[in-house]
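Novice: model this:
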Amino acid sequence: MRIQPFFSRRIGLDDSGNPIPIELGGRFVHRSSERNFGAMVMRQQGQGTYPATNFFVGRYSENFGTQNRIGGLVTVKNQPQGSNIVSSLDGFFRLGESHSLSTMVSYSSSSKTNKKGMSAYAQYYYISNQFKIWWTQSIVTKDYDPELGFVSRNDVIGTTPGIFWWYRGKYIPFKRILRAWEPSIFPEFYHSVKTGKLVERTVTFYPVWLNFQSGAYFGYN
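Specialist: Residues are numbered from 1 along each chain as shown. All right, here's what the predicted structure looks like:
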């Protein structure tokens, strides 16, 4: 699952990736150890059947505690036929040396289509010298539409856990050549928001993943 409320390449390109000239724009960014904030305004030329478009992006995030962060994002795409507005809140919380939690909730509304939708996710991570384990729960409703961003699919509840095992122990052969054996497994389950039914499942298993001292790797899944 990929939920991205803002993706900068949505500005200056049409839906097929062809360039569209920018008439004018400006950006302001402030960064410090306590907080970050910024805004960007752009006007894109009309071209062919693609109308002139105004863009606004605003972002604020506040750091607190030990490596914790909470923030907000607003994007606006304005065209003669209406506007698409997306508002998002996100956070990152360090729960310990090995534990962390990332979260986001996002809401979109479009005056062109009168459709409104939401998306959200929560991702727990555990990372140590031997293991990387995560569990991600996400939801995207049918009408969530971030026109200045990207979402991989709609009307879906995603359950996507995974586990890596980094083995660098004494049973690794040829240690001058081989750095680690890293088997892993990635199950993915997708249910419909509307019906609750399972619509897709995938389980990917890497029984062989070898990292070499040279930086090369070899794997099979």
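Novice: which ones are touching residue 184?
Specialist: 162-165, 205-206, 209 (Cβ atoms under 8 Å, 6 or more residues apart in numbering). The way it works is simple: take the backbone N, C-alpha and C, and place the C-beta from them, glycine included.
Novice: ok, so of those, who is nearest residue 189?
Specialist: residue 162 (12.1 Å; Cβ to Cβ).
Novice: what residues are up against the closest one?
Specialist: With contacts defined as Cβ under 8 Å, 6+ apart, residue 162 is in contact with 132-134, 184-187.
Novice: so which elements touch the helix or strand that contains residue 139?
Specialist: In the assignment (DSSP states H and E), residue 139 maps to strand 131-140. For strand 131-140, the packing partners by 3 or more Cβ pairs under 8 Å, 6 or more residues apart in numbering; DSSP states H and E come out as strand 115-127, strand 156-159, strand 162-165.
Novice: next, the angle strand 115-127 makes with it.
Specialist: 170 degrees (axes from the mean of the first three to the mean of the last three Cα atoms, to 10 degrees).
Novice: mean confidence (pLDDT) on strand 131-140, please.
Specialist: Across strand 131-140, pLDDT averages out at 97.
Novice: got the confidence number for the residue with the largest distance to the centre of the chain?
Specialist: For the chain, the largest distance from the centre (Cα atoms, centre = their mean) belongs to residue 174, which lies 38.5 Å off. Per-residue pLDDT puts residue 174 at 90.
Novice: make 9 the starting number, not 1.
Specialist: That works, and once the first residue is 9, the last one we named lands at residue 182.
Novice: can you verify it is assigned to a helix?
Specialist: No. Per DSSP: H, G, I helix; E, B strand; the rest coil, residue 182 lies outside any helix segment and is coil.
Novice: of the helices and strands packed on strand 139-148, which is nearest residue 205?
Specialist: Ranking these by proximity to residue 205 (Cβ to Cβ) places strand 164-167 first, at 10.4 Å.
Novice: which strands and helices lie in contact with that closest one?
Specialist: Strand 164-167 packs on strand 139-148, strand 192-199, going by 3+ Cβ pairs under 8 Å, 6+ apart.
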